[in-house]
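Student: Whatever this is, show me its structure:
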Amino acid sequence: MYLHSTEEDNTTRYHTLDQMTDNPFHLWEDHSKDSSTHTLASGILNDEQFYIILQCMIYTLQLINNCAIIANSLNIAVFVKLGFSEPSNISLTTLAICDFILAVLSTWSNLCFWLTYHNVRLPFHGVNVTFLTGGAQGAFLSTTVAWITAFISLERCLCILFPLKVRRLITPRGTFVAMPIIILFTFCPSFYTYIRYKFVWVFNPYLNESILNTTPVNSEFAILFEKISLVICGVLQPLLAFSIVVICTVLLVVQLRKISSWRLSVTSAKSQRVQPEENQASTSSAAESRISQKEERLVRMVVAIATIFIVSYIPTCILLLCYVVFDEYNLFGVNSRLFIVSGYIISLGQPISGSVNILIYYKMASRFRSVFRHLIRLSRQEQERHEH
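Tutor: Residues are numbered from 1 along each chain as shown. Take a look at the predicted model:
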């Protein structure tokens, strides 16, 4: 046991150091809770279940994180090569950058959990410190990804429904301005964690050294600020972005069906025309058909991206709601084990979505596919020159 005094009060708190116990994932506990509550929490996930699930999640998540880092690195390289003359390239590049940073933050958190799981002595508390240096930021960055996806879906939806008006408003310059605004609007509130929690150095007499840890700030302002931030940034923002993506995706799917029906009617009309004047009109219709096919490919790509996002983000919305509604469902509550495991399972969705996007771009975007092949070819040639 070690002694720890906080600035908020002069009372003494005792906590078991994670390196000196059988439970390397020991968190800050509120010993004011009755024993029945703790017994219930322990009954949900006992030690053996917790560690088996956690070990599987650690390796699975890191494998997916590696794929997301590689895939989004390639996405960024290809979009930079394509240039930013198209607004869609700007938003898709920003999406790839956010997915890349999110995978890096997840890797950092995963590494700390892995080291803690294997009882590696660290100069900091592997779980609590990771919450303030990667976990919270990753959660809010996922909201940034949600809003960028909503922007892409809304942009494409408006371009299809009101092509003449919207194309004058949605320009590369406007998109360059919109991306930083979205990031500031969604990611900056993550710094509320440094108001609600703070870093502290804790001395361990058994090891004769201090380690970095975190502790909640129990002032009324900090608690109120956390509640307001969680409601606005943890529930309203993600749910609003999710709703925009769903609505725009539905509208785009309906429009795709209309385009397909229109193309089928044009094809039937062309087969029945035999006079020269009608042949000339058929040529014009064919040109319109080619334009609509190009537009349709872009719409289909956006629909695919949005659909994958919707599937992967539904569990995150559920977790955020539970985090706000249930007081003890958090990293520092009595249900911390359940929170960690469910958080790990849900966190698989974001890197999977970030990894799959490159397959969508490659399949549906011919320019992306050609530039991607060119970059791979150049890298192979460079490697062969080094080998020889």
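Student: wait, doesn't V302 sit right on I152?
Tutor: Yes: taking contacts as C-beta atoms under 8 Å, V302 lies within contact range of I152: 6.0 Å. Heads up, the C-betas are built off the backbone N, CA and C, glycines and all.
Student: Excluding sequence neighbours, find me the nearest residue to the residue nearest the centre of the chain.
Tutor: Note on the chain: the residue nearest the mean C-alpha position is S142, at 3.2 Å, using C-alpha atoms, centre = their mean. In space, and not counting its chain neighbours, S142 is closest to Q350: 5.4 Å by C-beta to C-beta, 6 or more residues apart in numbering.
Student: residues in contact with the one you found?
Tutor: Contact analysis of Q350 by C-beta atoms under 8 Å, 6 or more residues apart in numbering lists 99, 102, 106, 142, 145, 312-313, 316.
Student: P351 too?
Tutor: 61, 64-65, 67-68, 99, 102-103, 106.
Student: Most widely separated two among the residues you listed?
Tutor: Farthest pair in the contacts of P351 (C-beta to C-beta) is L61 and D99. Separation: 14.6 Å.
Student: Who has more neighbours out of these two?
Tutor: Using other C-beta atoms under 10 Å, the more surrounded residue of L61 and D99 is D99, with 28 against 23.
Student: can I assume that one sits in a strand?
Tutor: No: D99 is assigned helix when assessed by DSSP: H, G, I helix; E, B strand; the rest coil, not a strand.
Student: which ones are touching it?
Tutor: D99 sits next to 68, 72, 75, 145, 350-351, 353-354, 357 when contact means C-beta under 8 Å, 6+ apart.
Student: cutoff 6 Å now
Tutor: 72, 354 (C-beta atoms under 6 Å, 6 or more residues apart in numbering).
Student: And it, how far from L169?
Tutor: D99 sits 27 Å away from L169, going by C-beta to C-beta, to the nearest Å.
Student: I305 now?
Tutor: Taking C-beta to C-beta, one finds I305 at 22 Å from L169.
Student: who's more crowded, the two?
Tutor: Per other C-beta under 10 Å, whichever of I305 and L169 has more neighbours is I305, with 24 against 11.
Student: dump the residue contacts of that one.
Tutor: Contacts for I305 (C-beta under 6 Å, 6+ apart) come out as I360.
Student: before we move on, what about the one 3 residues further on?
Tutor: Taking C-beta under 6 Å, 6+ apart, we find I308 in contact with 353, 356.
Student: Please apply the same query to I152.
Tutor: I152 neighbours (C-beta under 6 Å, 6+ apart): S91.
Student: A strand includes it, no?
Tutor: No: I152 is assigned helix when assessed by three-state DSSP, not a strand.
Student: Read off the pLDDT value for it.
Tutor: Here the pLDDT value assigned to I152 is 91.
Student: How about the one 5 residues further on?
Tutor: At C157 the predicted local confidence, pLDDT, stands at 85.
Student: That one reaches C248, doesn't it?
Tutor: Yes: between C157 and C248 there is a contact under C-beta atoms under 6 Å: 4.2 Å.
Student: now the helices: where do they sit in the stretch 201-350 of the chain?
Tutor: Taking DSSP state H, counting those that start in this stretch to define them, one finds helices in the stretch 201-350 of the chain at 220-229, 237-272, 276-325, 336-347, 349-364.
Student: Out of the ones you listed, which gets nearest to V120?
Tutor: V120 lies closest to helix 336-347 among the helices of the stretch 201-350 of the chain, at 18.0 Å (C-beta to C-beta).
Student: CA atoms only for the closest one - export them in PDB, please.
Tutor: What follows is helix 336-347 as a C-alpha-only set of coordinates in PDB (Å, rounded to 0.1, in the frame of the first residue of the first chain):
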ATOM      1  CA  SER A 336     -14.300  -0.200 -14.900                       C
ATOM      2  CA  ARG A 337     -13.600  -3.800 -16.100                       C
ATOM      3  CA  LEU A 338     -16.800  -3.900 -18.100                       C
ATOM      4  CA  PHE A 339     -16.000  -0.500 -19.500                       C
ATOM      5  CA  ILE A 340     -12.500  -1.500 -20.600                       C
ATOM      6  CA  VAL A 341     -13.700  -4.700 -22.300                       C
ATOM      7  CA  SER A 342     -16.700  -3.100 -24.000                       C
ATOM      8  CA  GLY A 343     -14.500  -0.100 -25.000                       C
ATOM      9  CA  TYR A 344     -12.000  -2.500 -26.600                       C
ATOM     10  CA  ILE A 345     -14.600  -4.400 -28.500                       C
ATOM     11  CA  ILE A 346     -16.200  -1.200 -29.800                       C
ATOM     12  CA  SER A 347     -12.900   0.400 -30.700                       C
END
